Structure formats: C-alpha cells, structure tokens
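1. using only what follows, build the 3D model:
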Amino acid sequence: MLVIGWGRLAEEEINMVWHYTSLDVLYNIINNSVCIPDYNDEGSSAPFAHITLYATHSSCLNDWSEGNVVPKVLKALGLPENYIRTARFRNITDRYILSFSHKENDLNQWRAYGDNGRGVALGFDENSLKKLCEEKICDCDTCEYCTPRNLKRELEQSEIYINALDKYNRTKEISEFERMMSHSFLYKDKAFQE
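-> Numbering: from 1, shown residues only. Below is the predicted model of the structure:
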C-alpha cells in the first residue's frame, strides 16, 4: 500500500483529499502526464511535470444509480416525468466526474479502488483543487449522502425549490429545475456513504 501526497508548502493548514487507484492506473497517470517548461527568475526553463487525472464521463460510471437521487426526488415532488428527462438530458450529458475521499486510509476505498490494498492513494491539497476548478470553470464540491426522503424534505423547504416551483407553475419554465439537476451527481444515496 503506497500513499503519495501533494500539497502547498505553507504554514496554513492543508486539507488533503485522496484518490485511490491501482498501480496500473498510477502508471498511466504518470505516463500520460504533461511535462511543460517552468520558467525561473533568470528566464531559463526546466521541465515541470503536471499530474494529469482524467475524469470519467457520467454515462460510464461504475454505479448505475449515480445521479438518480435528485431526479427521483423531483418526480416524488410532482414534476412531470418529461420535464425531468429534459432537464436531466440538458445537464448531465456532458458531465465528467473525478472522485476523491477525505479519508486518508480507508479499508473500503482500498478494496474498491486501490486494488485490494496493492494500489496507491494519491493525496491532493483540497484548496488547490478547488482553486483549479474555479479557474477552469468546473464544479468542485463535497458529495452529500442522504436518503431520497430526507432530500425531498430539504428541497420542499428550500428557497431554491420554492422559487423553481413558483416559476414552473406560472410559466411551465424548467430552467430552475435544470440548474438543480446540474448538481445531481453531488447527491448519492446514503447506502453508498462508505
């Protein structure tokens, strides 16, 4: 079991997130990473390697229920199925996902993604990843594990849902529901929390 970590060299606290993977995938990550010049103060350059992680398209995830909690809840709240399908299609067809764990040494992660403990856990500074996502206009957020029933209760009381429902009832416009659907991969059934 190998643990590799990257973070800032600063006095501030570093919050690490971990990406568990096999040695084969680590080899591919290193082999396919980008090497670009890093210019120093004197103007000369030296190769500087950037780790390149590839995200998985939303249609190729290993969990068939991924992204289904929000659509189920919207259906239970009475939004017609055809609107849900339209909102979902518009917002998840071009989603790519890369997952991390806040747990540095988690048996379930080693089993599922770290080749039963024969793989690696790559550590990254969470704040640096969030900054990179902001620069690249990507979403970067913590996944929320909940039951559909709890999410339904939360949505019914949220201002976002109330405004979306009001707009829908007045105009049959679903853009607000589309915005909610764009975050559907951030909600997973509580059964997958580990």
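2. can you point out the buried residues in stretch 119-135?
-> Buried residues in stretch 119-135, counting neighbours by 16 or more other C-beta atoms under 10 Å, are found at 119-127, 129. Any C-beta I mention is one placed from the backbone N, CA and C, and that applies to glycine too.
3. any idea which of those residues the model trusts least?
-> Minimum pLDDT for these is recorded at residue 129 (86).
4. list the residues that contact that one.
-> The contact partners of residue 129, by C-beta atoms under 8 Å, 6 or more residues apart in numbering, come to 17, 100, 140.
5. hmm, 10 Å instead?
-> For residue 129, the contact set (C-beta atoms under 10 Å, 6 or more residues apart in numbering) comprises 6, 15, 17, 53, 98, 100, 138, 140.
6. for the closest residue to the last one other than its chain neighbours, helix, strand, or coil?
-> Among residues not flanking residue 140 along the chain, residue 133 sits closest, at 3.6 Å (C-beta to C-beta, 6 or more residues apart in numbering). Following DSSP: H, G, I helix; E, B strand; the rest coil, we place residue 133 in the helix state.
7. was I right to think residue 133 contacts residue 124?
-> No. With contact defined as C-beta atoms under 10 Å, residue 133 does not reach residue 124; the gap is 11.6 Å.
8. which residues touch residue 17?
-> 99-104, 122-127, 129-130, 140, 142.
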